[in-house]
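> just to be clear, the model below is a prediction. Sequence and coordinates:
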Amino acid sequence: MTNVVVIGSQWGDEGKGKIVDWLSERADIVVRFQGGHNAGHTLVIDGTSYKLSLLPSGVVRPGKMAVIGNGVVVDPHALIAEIDKLEKQGVKISPENLRIADNATLILSLHRELDGIREDAASNSNSGVKIGTTRRGIGPAYEDKVGRRAIRIMDLADLETLPGKVERLLTHHNALRRGLGENEVTHETIMQELTSVADRVLPYRETIWLMLDKERRRGARILFEGAQGSLLDIDHGTYPFVTSSNTVAGQASAGSGMGPGSLGYILGITKAYTTRVGEGPFPTELTDEIGQFLGEKGREFGTVTGRKRRCGWFDAALVRQSVATNGITGIALTKLDVLDGLDELKICVGYTLDGKDIDHLPASQGQQARVEPVYITLEGWKESTVGARSWADLPAQAIKYVRQVEELIGAPVALLSTSPERDDTILVTDPFED
Ligand code: IMP
């Protein structure tokens, strides 16, 4: 028995929701360790659908403890709204089943505003880089955390030191806002914002590293729920077109306070083709009718922003990179059925850059924009793979595709998901039992 870390091995939206839900049923504790309410997925349990952005998946299952780790940036308004919405659906949320790290950073309204101001400014001029963010304030909040001026959950309980902290925060933000031609924010506004949410947030605060250490020692099964994907990682992703946190599996440790030796099985959720939302390089992107086909059949629209996702062939070179940077033990391959009916399928195995063959995506922004994918072509299959629950249910060509993926990325398939239904899954290895 082991703990399990679930991360996305591409640019997010790999279908983590269904897999995390399936695993959370087997877990005692579900921990989020990075990102914030820029994530989003829908869980369908006994016919009721629940939309989650900030709260860990375990929260909708009775008897599970949901944890928001110190690596998460918490928008208290989004937190309260999500709790209220779930409670209206009959989900009981209290400190009995939700705890938030007292050292987690808060996202405030000025962060959300700044995210939007920067994105708009970048769209309207050539000076900035438009990232295509979710405009939730994620980047600006992490900037303040690293800049050592953030307001954290536990600060809400210390009304004596809070005004000084707000002062420091505003010295920075108002200088920035003046430079951007925006109105300054008053001390009173932020104090009012913070005091208005304190009573709703503080009851959940916890020393999470200590709690997890105790739970680990008593043998609890802990599931770490990653958000976004490895190629959006601030260090290992397609910088600057990334999110502002480390999304790789190592962050499960730093973002929760549980040492890396206890992480256990690293499950990389991997879509059978590739998608990306927002700007940035995408070597295997298809802007033709096949890209259109994948987008429509795969219902590739963002859960948080509703934006259309860009679609393309499976990029084995990129996933191989994620296998390395995350230490992936096995993958959960999702949405194979979206490829049903295509005459032939391509898989990117490497790139050419300025006429030379390379086997990985270079880190430079300019080079990332210039690489050309090198493909192998496989025969497609006409039969439907929807709902397959054993290898025997799959056409021979589909099995060949899966085996080729495993070989190229250097990791085995632990789970194969063949429809959004939770039971439509081929289980090769149970990550908790591995
Ligand atoms: P931010 O995280 O809102 O700062 O956005 C930065 C980049 O990450 C943008 O390209 C977003 O589209 C992308 N992004 C953020 N969260 C997700 C997610 O949950 N799925 C897919 N892409 C995401």
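Received it, and whenever you're ready, just let me know what you need.
> can we go C-alpha only for contacts and neighbour counts from here?
Fine.
> count the neighbours of Leu122 for me.
I think there's a mix-up here, since residue 122 is Ala and not Leu. A count of nearby residues for Ala122, using other Cα atoms under 10 Å, gives 16.
> in a helix, that's where it is, yeah?
Yes - judged by DSSP: H, G, I helix; E, B strand; the rest coil, Ala122 forms part of a helix.
> which parts of this protein are helices?
Along the chain, the stretches classed as helices by DSSP state H are 16-24, 76-88, 109-123, 138-146, 162-179, 187-201, 208-217, 251-254, 289-297, 316-326, 365-370, 396-409.
> contacts for the fifth one, please.
Contacts of helix 162-179 with the rest of the structure, by Cα atoms under 8 Å, 6 or more residues apart in numbering, involve 144, 149-151, 155-156, 183-187, 190-191.
> circling back: with distance to Ser384 and mean pLDDT added, can I get the helices of the chain in a markdown table?
Output for the helices of the chain, formatted as a markdown table (distance: least, Cα to Cα, whole Å; pLDDT from 0 to 100):
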| stretch | distance to Ser384 | mean pLDDT |
| --- | --- | --- |
| helix 16-24 | 20 | 91 |
| helix 76-88 | 36 | 98 |
| helix 109-123 | 42 | 94 |
| helix 138-146 | 40 | 98 |
| helix 162-179 | 55 | 98 |
| helix 187-201 | 48 | 98 |
| helix 208-217 | 43 | 98 |
| helix 251-254 | 37 | 98 |
| helix 289-297 | 13 | 96 |
| helix 316-326 | 24 | 98 |
| helix 365-370 | 36 | 96 |
| helix 396-409 | 10 | 98 |
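> how about the residues of the chain by the ligand?
Taking Cα under 6 Å from any ligand atom, the part of the chain that reaches the ligand is made up of 11-13, 38-40, 131-136, 138-139, 227-228, 232, 241-244, 277-279.
> hang on, the earlier thing: filter the contacts of helix 162-179 down to just the buried residues.
Burial by neighbour count, 16 or more other Cα atoms under 10 Å: within these this picks out Asp144, Arg149, Ala150, Ile151, Asp155, Leu156, His187, Ile190, Met191.
> can you tell me which of these is closest to the ligand?
Asp144 (13.8 Å; Cα to the nearest ligand atom).
> what sits closest to that closest one if chain neighbours are left out?
Ala150 (4.9 Å; Cα to Cα, 6 or more residues apart in numbering).
> what pLDDT does the one you found get?
If you check Ala150, the pLDDT there is 98.
> for the residue of the chain positioned farthest from its centre, what are phi and psi?
Taking Cα atoms, centre = their mean, the residue of the chain most remote from its mean C-alpha position is Glu160, at 36.0 Å. Glu160 adopts backbone torsions of phi -80, psi -40, taken as degrees, to the nearest 10.
> Arg389 too?
phi -120, psi 0.
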